[in-house]
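**Q** predicted model follows, preceded by the sequence.
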Amino acid sequence: MALFTAADAVELYEIVRQHYAALSEALGLPPATPAGSASPLRRDIQLLIDVANGLHSRTDEQVHQTEQALLRVRTLLLANALGAPAALPEAFWHTKAGLLVSRASWWVWMDDLITISNAAALAFGTNTQANRMRIARAIDSGMLDWLPDPSVANRQHNRRVRRSQVEWLAEMRQLPGSD
């Protein structure tokens, strides 16, 4: 039996659709009509479901397609009028939609995810409490994406970030406390 179903696709689609319906109403635009299963968002969500259910083999092309779909879905979930960085709230990861995004993210970035301690050492040269707090502030401000690690029960230790994102932010001196 599949872990994620068409009902889960509808749930995630509805989260985004309701947000955009509220924006349309505020702007005085006619309400958007549901695009059905042919919309690009529905196709992206279906790909994430298929990956999370283990229906795809891990090839470079499949990883690339899934990463692009994942980034598009995350962008829609985090969209705001100012384009300001935003973080997915911790409560999101406990929903069915959050579990879906988490599983697809782990499939795409499994070799790129590191602990907060590793990120602190990578970005600042040492793994100190102050440096871990800088990484945590970057997560809270939306500068760094994070994922829960399902193998770690302690919520204070289960956050993982992408190594490539930490390296890029450190190189650009965009992390809190970077001089």
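**A** Noted; the coordinates are in hand.
**Q** neighbours of residue 117, how many?
**A** Burial of residue 117, expressed as a neighbour count using other CB atoms under 10 Å, amounts to 14. Backbone N, C-alpha and C define where each C-beta goes, glycine included.
**Q** quick check: it touching residue 132?
**A** Yes. Under the contact definition of CB atoms under 8 Å, residue 117 touches residue 132, with a separation of 6.2 Å.
**Q** now for residue 42, how many residues are close by?
**A** Applying other CB under 10 Å, I find that residue 42 has 18 neighbouring residues.
**Q** so residue 130, which state does it fall into?
**A** Per DSSP: H, G, I helix; E, B strand; the rest coil, the local secondary structure of residue 130 is helix.
**Q** quick one: residue 147 is in a strand?
**A** Yes. Residue 147 forms part of a strand when assessed by three-state DSSP.
**Q** that one bridge partners, please.
**A** On the basis of DSSP bridges, residue 147 takes part in beta bridges with residue 160.
**Q** what about it, neighbour count?
**A** Neighbours around residue 147, by other CB under 10 Å: 20.
**Q** residues touching it, list them.
**A** If you count contacts by CB atoms under 8 Å, 6 or more residues apart in numbering, residue 147 has them with 93, 102, 105, 106, 109, 113, 159, 160, 161.
**Q** what do you get for residue 62?
**A** When contacts are counted by CB under 8 Å, 6+ apart, residue 62 touches 51, 56.
**Q** which of the helices or strands spans it?
**A** helix 60-78 (DSSP states H and E).
**Q** look up how far residue 27 lies from the residue most central in space within the chain.
**A** Centre of the chain computed as the mean C-alpha position; nearest residue by CA atoms, centre = their mean is residue 74, 5.2 Å away. Note on residue 74: its distance to residue 27, by CB to CB, to the nearest Å, is 24 Å.
**Q** still on that earlier bit, how far does the helix holding residue 62 sit from its chain's centre?
**A** Relative to its chain's centre, helix 60-78 lies at 9 Å (CA atoms, centre = their mean, to the nearest Å).
**Q** just after that helix, pick out the following helix or strand.
**A** Counting by DSSP H and E, what follows helix 60-78 is helix 96-109.
**Q** quick one: list the elements packing against that next one.
**A** Based on contacts counted as 3 or more CB pairs under 8 Å, 6 or more residues apart in numbering; DSSP states H and E, the elements that helix 96-109 packs against are helix 6-27, helix 40-52, helix 60-78, strand 146-148.
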